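**Q** predicted coordinates and the sequence they were generated for:
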Amino acid sequence: METSRRNFLKTTGLGMLAASPLAVYAGTPEEVEQIAEQARRTPPQTFNMSGYAAPRLEVVRVGVIGIGNRGMGAVERLNKLEGVEIKALCDLRAEKVEEAKKRISASGHRPETYSGSPEIWKKLAERSDLDLVYILTPWAYHTPMAVFSMNHGKHVCVEVPAAKTIEECWQLVETSERTRKHCMMVENCCYDFTELLTLNMARQGFFGEIVHCEGAYIHNLQELVFSKNHFYQMWELDEMWKRKGNLYPTHGLGPICQVLNINRGDQMDYLTSMSTNDFVLGSMAKDLAAKDDFYKPYAGKSFNGNMNNSTIRTKKGKTILVQYDVSSPRPYSRIQLVSGTKGIALKYPEPARYSTGHEWMSEKEYQALEEKYMPPIVKKMGEVAKKVGGHGGMDFLMDWRTIDCLRNGLPLDQDVYDAALWSSVGPLSAWSIANRSNSIDVPDFTRGSWQKNRPVDISMDKGGTTRARI
C-alpha cells in the first residue's frame, strides 16, 4: 500500500510537490517567506472567468477520479440526473471502480474503468469524449489533476480545498482563463438550505449593510484521522503533521463570501491568523504507538494545533472570522454568523436563528421568513434533494445546479477565483502563524475585476430544466 502511494507521488510529479516548502507550510523562515512571495505575485488577467458561460451541452459526459468516501456518493448522485452520461471511473483500487460501475449499471451507464497504475488518471483526463472531470481525491492531487484536465479540454469540478499552496491557486486561475474551462470547487455548504435562505435574505436587504461574518469547520475527527480504513493510506493524518494553520477553510468561508459578494463587489484585503498548540493528536499518536506498531511513525510528530482563528478584513472594511478545529471534543459547527446594520443570522447551534433587535425571532416568525425568502432553487429542487441525500440534500442540489448550468450554457455559481481565494486562506494562515500573527495581504486573483463582477444570480430565471430520477 505504501509502495503504491510513493510510486503515485513519484510518477505524477507530486512527490516533488509534496516535498516543496509551499506544500509543507512549515520549516525555515526562508521557506515560510516563499508563501508571502507567491502572494505578492500578480500575473496579468488573460480572460475574466467571472460570469463566463461556456457553450451549452445537451448531455454532460463525465469522468470521475477518486471513488473513496466522497467519490462513491458523487457517482450515485450523478446517476440520478438526466442529461448526464458517466463515461469513465478511476481509482487506484480496482474494487472501488467496479463497485461504482455496478451501482450505476441499471441506469444504462457503461463507464470505462481505470485503476491500478499511479498515473492512470491521466488516461481518463486525456479522453476526447468527456466534457467534465470530477475530482474527489486526497488534497495533494486536486490542483495537478484539475490543471491537467483543463489543459486537455475539460471543465473541472474539484473537491475542497481546490489548492494547498498560493502557487497552485495561481495555476488554477491561469489555466482556467487560458483554456476558458470552468474550474468549480464543489463547496457543498454553499447549497445548504439555510445558507441559501440567508443568502437570499442578504440579497434582498434583510440584514441592511453586512459588516461582519463568521464561519468555521469545527468537527471532531479524532477517531477518523487515526482510523486505518477511513482516509485511504492515512492521508489526512499526514496533512495534520506536515502543515500548520487553517487546513480546511472553505466550508465555513464559502457561504459567507457569497453573502459579502467577495470577488463580486468586495475583495479580501489582508489576513491575520493564530493557532493553539496541539493538546490532543500528539498524545493520541503516542498512546496508539505504544499498543500498535502501525502508529509508530506518527509518535513524536508535531501536529497542527487544536484551534486556528483567522481574521480577514475586506477592501470595503468588513471583517470575517474563520475557525478550524478537528481535534477537540466539540459538537459540529460551521457557525455561519451574518451580522448587519439591520439584522443578524446565526445557524449554529441549530436550529438557525434570526433577529432584528435584542431577541431571536420566534419559531412562527422564522417560518414566515422561510416562506418569504426561501430561494427558488430550494423551492424547485429542495424536496428532491432531500430524497436523494448527501449531507441532507445539499450535495445533490449542488450537483444538479452545476449540471443544469452546463446544459443550459449558464455561468456556474462558483468560479475559479472563488476556488483560489477560499483555498488560499490555508497557506496564508500558515505564514501569519509563523510570523507571530502579523498580517499578510490576500492575493487578488481577479486582478481588480471584483470591482465590476456581478453577484451570482440565484433567482432561477434561466435554466432549471434538468430532471432528476428518484
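**A** The structure has been received and is ready for your questions.

**Q** sec struct for the residue most central in space within the chain, please.
**A** In the chain, the centroid-proximal residue (Cα atoms, centre = their mean) is V160; its distance is 2.7 Å. Per DSSP: H, G, I helix; E, B strand; the rest coil, the local secondary structure of V160 is coil.

**Q** quick one: it and V186 touch, right?
**A** Yes: between V160 and V186 there is a contact at 6.9 Å, judged by Cβ atoms under 8 Å. The C-beta positions use only the backbone N, C-alpha and C, and glycine is treated the same way.

**Q** ranges for the helices of the stretch 351-470 of the chain?
**A** In the stretch 351-470 of the chain, the helices defined using DSSP state H, counting those that start in this stretch lie at 363-373, 376-388, 394-408, 416-434.

**Q** of those, flag the one that's most buried.
**A** Mean neighbours per residue, mean count of other Cβ atoms under 10 Å, is largest over the helices of the stretch 351-470 of the chain for helix 416-434, with a mean of 28.

**Q** ok, and the closest non-adjacent residue to P255?
**A** E195 (4.1 Å; Cβ to Cβ, 6 or more residues apart in numbering).

**Q** quick one on the thing from earlier: just list the residues touching the nearest residue to the residue nearest to the centre of the chain once chain neighbours are set aside, thanks.
**A** Excluding the flanking residues, the one nearest V160 by Cβ to Cβ, 6+ apart is T250, at 4.5 Å. Neighbouring residues of T250 by Cβ atoms under 8 Å, 6 or more residues apart in numbering: V160, P161, M185, E187, C189, W422, S423, V425.

**Q** tell me the spacing between T250 and R334.
**A** Noted for T250: a distance of 11 Å to R334, by Cβ to Cβ, to the nearest Å.

**Q** ok, back up a step: among the helices of the stretch 351-470 of the chain, which is nearest M460?
**A** M460 lies closest to helix 376-388 among the helices of the stretch 351-470 of the chain, at 3.9 Å (Cβ to Cβ).

**Q** pull the closest one out as PDB, backbone CA atoms only.
**A** Below are the C-alpha coordinates for helix 376-388, written out as PDB (Å, rounded to 0.1, in the frame of the first residue of the first chain):
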ATOM      1  CA  PRO A 376     -36.400  29.500  -6.000                       C
ATOM      2  CA  ILE A 377     -33.700  26.800  -6.300                       C
ATOM      3  CA  VAL A 378     -34.800  25.300  -3.000                       C
ATOM      4  CA  LYS A 379     -38.500  25.600  -3.800                       C
ATOM      5  CA  LYS A 380     -37.900  23.800  -7.100                       C
ATOM      6  CA  MET A 381     -35.400  21.100  -6.100                       C
ATOM      7  CA  GLY A 382     -35.300  21.000  -2.300                       C
ATOM      8  CA  GLU A 383     -37.600  18.100  -1.700                       C
ATOM      9  CA  VAL A 384     -36.000  16.100  -4.400                       C
ATOM     10  CA  ALA A 385     -32.500  16.800  -3.000                       C
ATOM     11  CA  LYS A 386     -33.600  15.700   0.500                       C
ATOM     12  CA  LYS A 387     -34.800  12.400  -1.000                       C
ATOM     13  CA  VAL A 388     -31.600  11.700  -2.900                       C
END
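
**Q** for it, which helices and strands make contact with it?
**A** On a contact count with 3 or more Cβ pairs under 8 Å, 6 or more residues apart in numbering; DSSP states H and E, helix 376-388 meets helix 193-203, helix 394-408.

**Q** got those helices as JSON lines, with distance to R41 and mean pLDDT columns?
**A** What follows is the helices and strands packed on helix 376-388, written out as JSON lines (distance: least, Cβ to Cβ, whole Å; pLDDT from 0 to 100):
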{"stretch": "helix 193-203", "distance to R41": "32", "mean pLDDT": "97"}
{"stretch": "helix 394-408", "distance to R41": "30", "mean pLDDT": "98"}
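
**Q** looking at these, spot the one closest to W235.
**A** helix 394-408 (21.1 Å).

**Q** quick one: closest of the helices of the stretch 351-470 of the chain to V147.
**A** Smallest distance to V147 across those (Cβ to Cβ): 10.9 Å, for helix 416-434.

**Q** can you put the helices and strands packed on helix 376-388 in CSV and add distance to D293?
**A** Converted to CSV, those look like this (distance: least, Cβ to Cβ, whole Å):
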stretch, distance to D293
helix 193-203, 44
helix 394-408, 38
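
**Q** closest to V378 out of those?
**A** helix 193-203 (5.4 Å).

**Q** so what's H391 up against?
**A** N188, D192.

**Q** can you list contacts of the strand or helix carrying M284?
**A** Per DSSP states H and E, M284 falls inside helix 281-291. Residues outside helix 281-291 that contact it (Cβ under 8 Å, 6+ apart): 222, 225-226, 240-241, 295-296, 298-304, 327.

**Q** export stretch 404-418 to CSV, keeping only CA atoms.
**A** What follows is stretch 404-418, C-alpha atoms only, in CSV (Å, rounded to 0.1, in the frame of the first residue of the first chain):
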residue,chain,number,x,y,z
ASP,A,404,-28.1,22.3,-15.2
CYS,A,405,-25.9,25.3,-15.7
LEU,A,406,-23.6,23.4,-18.1
ARG,A,407,-26.6,22.0,-20.0
ASN,A,408,-28.1,25.5,-20.4
GLY,A,409,-25.0,27.4,-21.1
LEU,A,410,-25.1,29.4,-17.8
PRO,A,411,-22.3,30.7,-15.6
LEU,A,412,-21.5,28.5,-12.6
ASP,A,413,-22.3,29.6,-9.1
GLN,A,414,-18.7,29.2,-8.1
ASP,A,415,-15.8,30.1,-10.4
VAL,A,416,-12.1,29.6,-10.4
TYR,A,417,-11.5,32.8,-8.5
ASP,A,418,-13.6,31.5,-5.6
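
**Q** ok now that stretch, how far from the chain's centre?
**A** 15 Å (Cα atoms, centre = their mean, to the nearest Å).
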